[in-house]
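S.K.: predicted model and sequence follow; I will ask about them next.
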Amino acid sequence: MKLEIKDLRASVEGKEILKGVNLTIGQGETHALMGPNGSGKSTLAYTLMGHPKYQVTSGQVTVDGENLLGLTPDKRVKKGLFLAFQYPVSVQGVSMFSFLRAAYNNSRPAGTEPPTIFEFKETVAQKLKMLSMDDSFLSRYLNEGFSGGEKKRAEILQMALMQPKFAVLDETDSGLDIDALRIVAEGINTVSGPQTGTLLITHYQRILKYVKPQFVHVMYQGRIIESGGEELSRLLEEKGYTWIQGYKEEEQVAQQTP
Amino acid sequence: MSQKAVSSFDEDLVRSISASLDEPAWLTSSRLDAFRQFAALPPEKNPLYTKYVSTFSFPLDRFKIIPGRSEIDFRSFFQGFLTGKEKDIILQGNETQVHTELSRDLESQGVRLMSFHAALKQEEAAIRKLIEGRLVKSGSDRFAAFVNAFFSGGTFVRVPTGVSLDRPLRRMLLLDSPSTSIVEQTFVIAEEEAKLVYLEELYSKGVPSPAFVASTTEVLARPGSHVDFSSIQLLGDRTTHVSNRGIETSNDSKATLSSLSLGAEVSRSRTNFFLNGRGSLAEGFEIFFTDGKQRYDYETNLVHNSPDSTGSTQARGVLKGESQSIFKGMIKIVNAAKNSRSYLAHHAMLLERTAKSDGVPSLEIDNNEVRATHSASVAQIDEEQLFYLMARGLSQDEAKKMVVLGFFEPVLSRVPIEQTREGARFMIEGKWQGEKRRLADRETLLAETGELTPEVKETEDIFERHYKYR
Ligand SMILES: Nc1ncnc2c1ncn2[C@@H]1O[C@H](COP(=O)(O)OP(=O)(O)OP(=O)(O)O)[C@@H](O)[C@H]1O
Ligand SMILES: [Mg+2]
């Protein structure tokens, strides 16, 4: 089983942001996606999830050979896709509990009986514990007044309940303190065993100490311009993106010179 | 009593209504006074509707204003609307046929729950005092004058001094016949140190047909008393609904109004809270959800006439289709009302570009030692919220429903009456799904939904927020 992205182009409000993205994520693999601010990482994440503002102009996205493009976000969830938001949205008046329950019930395989309220409470309690989150979160409004780090934990809580086949985690490590980073990273590892493919969007190498990627990709101006192993993230951390920019430009010049 | 079709509104009609109800002369002349004010007041204008710019242009001649005497069987008429376990309830099916059930223990404590005219027979002097000191004045509002002149029935509720009721008193109006018109007055009185909860429910059943419901309601919370008044309106699609309410608090008393409006084609409502006692408290929680071509015109004012009084009104509405609403509200604090606090908020959510809503809050303050603020907003449903929920597997419809139900919560969760709170959620959800539901008790809710989702209680103190006027 794999998530395949082929020559994906997408625009927002008439402006092309993704300019031909190619990426394949296999089951059990962890890919890190890095790249400067504004390079299109979140746009890729939103486009994969089917945000209505992002128009796909060409290319393909498939899970297990099945086309995802054209499906509404909820249908993509049913194909096993999950997105942890860079900026989780808060919704007043909707309790975390009823939201999680709806998410849980809607991501379960078709034809299975939804759990009773008691069974569900037990399931959530386990996941909360895993992420060192307090029960009191359940009786708060969805993400309302949550600190940055609490929101990120809550995203992984949702992932843990929904058990996706492919998870895109958009800067889930940003805004976490040192302990929280470890807890969340361990949570990600626990949830995303050998059944899950993970695309970890990040700016920092520190999370990669816990969540070990087999592949690291660099996005620049709407394209993946470099892919490699874990060593690529170390190089980036040392030298910064200007290095890879310069390096790519040199490469292009070299190619053009006969 | 004759069954007379009304073709015009004149003094003769006033006299004939009064005579057919066997009323004392003072009431007839009070009606005539109201009629003169009605005739003198200019037609009301509002951008939302054209239908009853003048009540005369409303096709009232098709409506019977005096009921016939044909008896209905209440048990079968209210089937599906009652569980059979109701205890203290006054039922009305169409025009003025009334059926009352009041437990013996309440009756022996002096609790009154009866039709207006039954009360008039029993205690004319007390009723006369109420009518002469009306809160809903004929001179201030044309529809108030209309009801005060032409009312053909009503409800009288009183809980005597020191009596505290632990279960609600209820009143249900159910319409099913075409061209029904209800013109009525309600008095709800908590005497000193009394405590009561009153649930009013207005429904229609059967094929939607034109109907007209006009009412005035007076709620009097005497010193040290506490009244929780709840009003649920789910009248039929072709009903015009006009309501005027006056709610008065006295020294150290408390009155709350929780209203849920889902029905009627046009609904026009005025509520005035009069904080007439030192240290008194008045709270309004108003919720509406409209669709199709529904038109709601609501106004709620907080009038602080006494020091140390606290008043608030919070309204939230969601509009679908081509429905429209306007919500006006004013905080008025007189010079004598120092150390008063007042809060007025109106928030509306639009589900379609075709829906419209306006909020017009205002302040009129004559004392500097007060705190008052208002807020209003009208916004389209948030696409990012919908995307977030859909990214968690909810269909678009489920996502919208969740956002809409959530939108009501900051107000709904503060409603002091459990049955109204839980029932309102159930009814709103029903309307979302195109089902007409009624206010159900917890047992029925549990039977129908299997479970109740745990509530999140809004705890933020509204008076801790930013103040525009301090
Ligand atoms: N809804 C939108 N409207 C207008 N422009 C947008 C929108 N979404 C993204 N963009 C633009 O697309 C570009 C890529 O943004 P994107 O959020 O994908 O970057 P990113 O790589 O995730 O950056 P960061 O590291 O800062 O999160 C930016 O120039 C951004 O301004
Ligand atoms: Mg981003």
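M.R.: Okay, I see it. Ligands and ions are numbered 1, 2, ... in the order given.
S.K.: when you work out contacts or count neighbours from here on, use the C-alpha atoms and nothing else.
M.R.: Will do.
S.K.: for the stretch 201-350 of chain B, which residue gets nearest to chain A?
M.R.: residue B:316 (12.1 Å; C-alpha to the nearest C-alpha).
S.K.: that residue falls within a strand, correct?
M.R.: Yes - Residue B:316 forms part of a strand when assessed by DSSP: H, G, I helix; E, B strand; the rest coil.
S.K.: which residues touch it?
M.R.: By C-alpha atoms under 8 Å, 6 or more residues apart in numbering or on different chains, the contact list for residue B:316 reads B:286-288, B:346-348, B:407-408, B:411.
S.K.: could you check how far it is from residue B:377?
M.R.: Noted for residue B:316: a distance of 10 Å to residue B:377, by C-alpha to C-alpha, to the nearest Å.
S.K.: any common contacting residues for these two?
M.R.: Residues touching both residue B:316 and residue B:377 (C-alpha under 8 Å, 6+ apart) are B:346-348.
S.K.: could I get those as JSON lines with pLDDT?
M.R.: Below are these laid out as JSON lines (pLDDT from 0 to 100):
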{"residue": "B:346", "pLDDT": "96"}
{"residue": "B:347", "pLDDT": "96"}
{"residue": "B:348", "pLDDT": "97"}
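S.K.: and which of those residues is nearest residue B:137?
M.R.: Within the shared contacts of residue B:316 and residue B:377, proximity to residue B:137 (C-alpha to C-alpha) peaks at residue B:346, which comes in at 25.7 Å.
S.K.: name the element that closest one belongs to?
M.R.: Secondary structure assignment for residue B:346, by DSSP states H and E: strand B:341-350.
S.K.: which secondary structure elements does that strand contact?
M.R.: Applying 3 or more C-alpha pairs under 8 Å, 6 or more residues apart in numbering or on different chains; DSSP states H and E, one finds that strand B:341-350 contacts strand B:310-319, strand B:324-333, strand B:356-365, strand B:371-380.
S.K.: what's the angle between the first one and strand B:324-333?
M.R.: Yep, that's strand B:310-319 we're talking about. 170 degrees (axes from the mean of the first three to the mean of the last three C-alpha atoms, to 10 degrees).
S.K.: cool, and the last one?
M.R.: Angle between the axes of strand B:371-380 and strand B:324-333 is 170 degrees (criterion: the same axes, to 10 degrees).
S.K.: buried set for strand B:371-380?
M.R.: By neighbour count, and taking 16 or more other C-alpha atoms under 10 Å in any protein chain shown as the criterion, the buried residues in strand B:371-380 are B:371-376, B:378.
S.K.: same question for stretch B:271-278.
M.R.: Across stretch B:271-278, burial judged by 16+ other C-alpha under 10 Å covers B:271-278.
S.K.: how far does that stretch sit from the chain's center?
M.R.: Taking C-alpha atoms, centre = their mean, to the nearest Å, one finds stretch B:271-278 lying 16 Å from the centre of the chain it belongs to.
S.K.: same question for it, mean pLDDT?
M.R.: Mean pLDDT, computed over stretch B:271-278, is 98.
S.K.: by contact count, what packs against whichever strand or helix holds residue B:16?
M.R.: For residue B:16, the enclosing helix or strand under DSSP H and E is helix B:11-20. Secondary-structure packing of helix B:11-20 (3+ C-alpha pairs under 8 Å, 6+ apart): helix B:25-40, helix B:142-150.
S.K.: now the angle from that helix to helix B:142-150?
M.R.: Taking the same axes, to 10 degrees, one finds that helix B:11-20 is oriented at 50 degrees with respect to helix B:142-150.
S.K.: and helix B:11-20, which residues are buried?
M.R.: For helix B:11-20, a neighbour-count test (16+ other C-alpha under 10 Å) marks B:11, B:13-18 as buried.
S.K.: can you tell me the closest non-neighbouring residue to the residue of chain B most remote from its centre?
M.R.: Most distant from the centre of chain B: residue B:391, at 39.4 Å, with distances by C-alpha atoms, centre = their mean. The shortest distance from residue B:391 to any non-neighbouring residue, by C-alpha to C-alpha, 6 or more residues apart in numbering or on different chains, is to residue A:73 (5.2 Å).
S.K.: can you verify my assumption that the one you found contacts residue B:390?
M.R.: Yes - counting by C-alpha atoms under 8 Å, residue B:390 is a contact partner of residue A:73 at 5.5 Å.
S.K.: partners of the strand holding residue B:346, with directions?
M.R.: Using DSSP bridges, strand B:341-350 pairs in its sheet with strand B:310-319 (parallel), strand B:371-380 (parallel).
S.K.: does ligand 1 sit close to the helix or strand following the last one?
M.R.: As assigned by DSSP H and E, the chain's next helix or strand after strand B:371-380 is helix B:383-390. No - residues of helix B:383-390 contacting ligand 1 under C-alpha under 6 Å from any ligand atom: none, with a closest distance of 10.3 Å.
S.K.: how about residue 227, what does it touch?
M.R.: I went with chain A, as the question did not name one. By C-alpha under 8 Å, 6+ apart, residue A:227 lies in contact with A:215-218.
S.K.: I was thinking of chain B, sorry if that wasn't clear
M.R.: Per C-alpha under 8 Å, 6+ apart, neighbours of residue B:227: B:190, B:195-198, B:221, B:254-256.
S.K.: so how far is stretch A:84-99 off the chain centroid?
M.R.: In this view, stretch A:84-99 has its centroid 17 Å away from the chain centroid, taken as C-alpha atoms, centre = their mean.
S.K.: tell me if I'm right that residue A:46 and residue A:56 touch.
M.R.: No - with contact defined as C-alpha under 8 Å, residue A:46 does not reach residue A:56; the gap is 10.9 Å.
S.K.: residues near residue A:177, how many?
M.R.: 11 (other C-alpha atoms under 10 Å in any protein chain shown).
S.K.: that one - nearest residue in space that isn't next to it in sequence?
M.R.: Residue nearest to residue A:177 in three dimensions, not counting chain neighbours: residue A:149, with 7.5 Å by C-alpha to C-alpha, 6+ apart.
S.K.: isn't the one you found up against residue A:176?
M.R.: Yes - at 4.9 Å, residue A:149 counts as touching residue A:176 under the criterion of C-alpha under 8 Å.
S.K.: contact residues of chain A facing chain B?
M.R.: Chain A comes close to chain B at residues A:49, A:51, A:72-78, A:82-83, A:88-95, A:98, A:102-103, A:106-107, A:139-141, as judged by C-alpha under 8 Å from any C-alpha of the partner chain.
S.K.: bridging residues for the nearest residue in space to residue A:35 that is not next to it in sequence?
M.R.: In space, and not counting its chain neighbours, residue A:35 is closest to residue A:219: 4.7 Å by C-alpha to C-alpha, 6+ apart. Per DSSP bridges, the residues bridged to residue A:219 are residue A:224.
S.K.: for residue A:219, which residues are in contact?
M.R.: A:33-36, A:39-41, A:225-226.
S.K.: redo that, cut-off 10 Å
M.R.: A:18, A:21, A:33-41, A:225-227, A:241 (C-alpha atoms under 10 Å, 6 or more residues apart in numbering or on different chains).
S.K.: would you point out which residue of the stretch 201-350 of chain B is nearest ligand 1?
M.R.: Using C-alpha to the nearest ligand atom, residue B:350 is the residue of the stretch 201-350 of chain B that sits closest to ligand 1, at 21.6 Å.
S.K.: likewise chain B?
M.R.: Going by C-alpha to the nearest ligand atom, ligand 1 is nearest to residue B:384 of chain B, at 10.3 Å.
S.K.: where does the closest residue in space to that residue that isn't next to it in sequence sit: helix, strand or coil?
M.R.: Nearest non-adjacent residue to residue B:384, counting by C-alpha to C-alpha, 6+ apart: residue A:89, 7.1 Å away. Following three-state DSSP, residue A:89 is assigned to coil.
S.K.: so residue A:89 makes contact with residue B:390?
M.R.: No - with contact defined as C-alpha atoms under 10 Å, residue A:89 and residue B:390 do not form a contacting pair (11.9 Å).
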